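Q: here's a sequence, model it:
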Amino acid sequence: MIPYYEQLTDEEKEQLQHVIRLLQRQTFLLERKYEKRSGRLVYNKDFRIADYHQEFLREYFRIAGIELKENSHMGILYIEGETILGEKIPKLATIYLLILKLIYDEHMEEASASNNIYTSIGEMNEKIGEFHLLKNLSSITEMRRAIALLKRYQMIEPLDVLEELNESTRMIIYPCVNVLLMADDVRKLIESFTKEDEHGNDGGEETSIQGIIEDLSE
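A: A predicted model of the protein is given here:
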């Protein structure tokens with residue numbers, strides 16, 4: 001494994017290091033991402049690099065008890081393992097992620113030909129109200145932060161300007177929501193949030209999605 005790495009050019013080493021850090025931080029890489037300039041999905045450079053060095057990466061992560069997997073149908077490379085720590089995110093972003101998974105599954109059941117599903121802030125808020133996940137409406141600033149965070153971790157891609165965020169703001173839901181959450185996990189997590197709010201939780205704390213899922217599966 002080391003000889004392989006040492007034979008790479010300095011540029012290739014930097015690219016590989018970047019991809020490793022990216023996988024460790026967000027656990028997956030998308031094959032294609034939306035590009036606003038062209039208005040279409042384009043091939044992701046990071047995915048191409050990881051795919052090219054896939055054999056090396058598999059061995060690299062295997063040493064740490066982590067498995068590198070590929071879902072060619074969804075166009076995702078991702079890692080799984082007990083040693084992966086879920087990064088904490090604000091509760092509103094967690095709730096948005098749960099709702100995005102529900103919307104994604106519903107649209108896929110409609111026999112959509114694409115793995116990338118479109119939604120809007122209005123549809124998300126409607127689902128949040130349906131499941132009584134928030135007692136009070138979040139501020140526009142909180143909503144922007146939550147959406148920006150999910151965009152950063154490539155869960156979604158807003159199609160409209162976030163500074164003009166409103167009910168009609170559109171976004172793409174990337175298929176990587178399936179890597180983080182399964183349908184049963186989503187239902188359990190929604191129930192847990194509902195129970196918290198029934199006990200007067202103000203919803204301001206941070207949560208770790210992966211950690212909650214692991215607790216629910218014990």
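
Q: ok, E167 to N125 distance?
A: Per Cβ to Cβ, to the nearest Å, E167 is found 7 Å from N125. All C-beta spots, glycine's among them, are computed from the backbone N, C-alpha and C.

Q: which of these two has more neighbours?
A: Ranked by neighbour count (other Cβ atoms under 10 Å), E167 and N125 place N125 first, with 17 against 11.

Q: the more buried one: which element?
A: Taking DSSP states H and E as the criterion, N125 maps to helix 121-130.

Q: please name every helix or strand in contact with that helix.
A: For helix 121-130, the packing partners by 3 or more Cβ pairs under 8 Å, 6 or more residues apart in numbering; DSSP states H and E come out as helix 91-108.

Q: ok now the helix it packs on, how far from the chain's centre?
A: Its chain's C-alpha centre and that of helix 91-108 lie 10 Å apart, by Cα atoms, centre = their mean, to the nearest Å.

Q: just stretch 158-174 next, same as before
A: Stretch 158-174 sits 16 Å away from the centroid of its parent chain (Cα atoms, centre = their mean).

Q: what's the answer for stretch 103-122, then?
A: In terms of Cα atoms, centre = their mean, the centre of stretch 103-122 is set 15 Å apart from its chain centre.

Q: that one: which residues count as buried?
A: Applying a neighbour-count criterion of 16 or more other Cβ atoms under 10 Å, one finds I103, Y104, D105, H107, N115, N116, I117, T119, S120, I121 buried in stretch 103-122.

Q: run through who's touching that stretch.
A: The contact list for stretch 103-122 (Cβ atoms under 8 Å, 6 or more residues apart in numbering) reads 34, 41, 73-75, 100, 123-124, 127, 143, 147, 159, 165-175, 177-178, 183.
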